Each structure stands twice: as C-alpha cells, then as structure tokens.
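Asker: Okay, here's the prediction I keep looking at, along with the sequence it came from:
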Amino acid sequence: MSRYFAHISAAGPVRYGPVPGSIGVLDSPDHPMPIGMANCTGWDRAGLAVWRLTVEGADVPGRWVIVDREFRLVE
C-alpha cells in the first residue's frame, strides 16, 4: 500500500474544524511538490477530519484521517 502525507505542518491528529477544505497530498514529507489533492468530507466519531484523496488524477479508495502529517486509512 502506498503512503501519503499531508501538505500541512500540524503534529498529532488533525481534528475537524480548523482545517482548509482541500490540501495537497505528498508522496513524502520531504518532497513539497504535491502529487494530488485531499478534500475534507466531514469527521469521524473521534472528531478527526476525514478526507478523500485524489493522486495523479485518480481517486484513492477509502476514507482517510491525518496523524502526524500522514494520511491513514479509516477502516
């Protein structure tokens, strides 16, 4: 499975509310050029922002949260 990182600098889990509606998706936290886009679609039971990802023009299946700048699949 590919790993994706957020184009934001927040440490820890990203909660719903103080986030932009869309952010860049990176293939590595060390590469600032986005490879895609993430759109915030709401929140989960813990109050974390939930995202849908598009990478290189294709939708990435699943719903994602961000923890320590890394997108993690919500099961």
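Answerer: Ah, there it is. Numbers count the residues shown, from 1 in each chain.

Asker: Which residues are in contact with the residue positioned nearest the centre of the chain?
Answerer: With distances taken as Cα atoms, centre = their mean, the chain has residue 71 as the residue nearest its mean C-alpha position (4.5 Å). Residues counted as contacts of residue 71 (Cβ atoms under 8 Å, 6 or more residues apart in numbering) are 3, 4, 5, 6, 25, 38, 51, 53, 64, 65. Glycine gets a C-beta too; all of them are placed from N, C-alpha and C.

Asker: again, 10 Å this time
Answerer: Neighbour list for residue 71: 2-6, 14, 25-26, 38, 51, 53, 60, 62, 64-65 [criterion: Cβ atoms under 10 Å, 6 or more residues apart in numbering].

Asker: now residue 8, nearest residue through space, not along the chain?
Answerer: Closest residue to residue 8 apart from its sequence neighbours, by Cβ to Cβ, 6 or more residues apart in numbering: residue 23 at 5.7 Å.

Asker: Identify the element of secondary structure that the one you found sits within.
Answerer: According to DSSP states H and E, residue 23 maps onto strand 22-26.

Asker: how about residue 2, what does it touch?
Answerer: With Cβ under 10 Å, 6+ apart as the criterion, the residues that contact residue 2 are 27, 35, 53, 55, 60, 71.

Asker: what about it, distance to residue 55?
Answerer: Applying Cβ to Cβ, to the nearest Å, the value for residue 2 to residue 55 is 8 Å.
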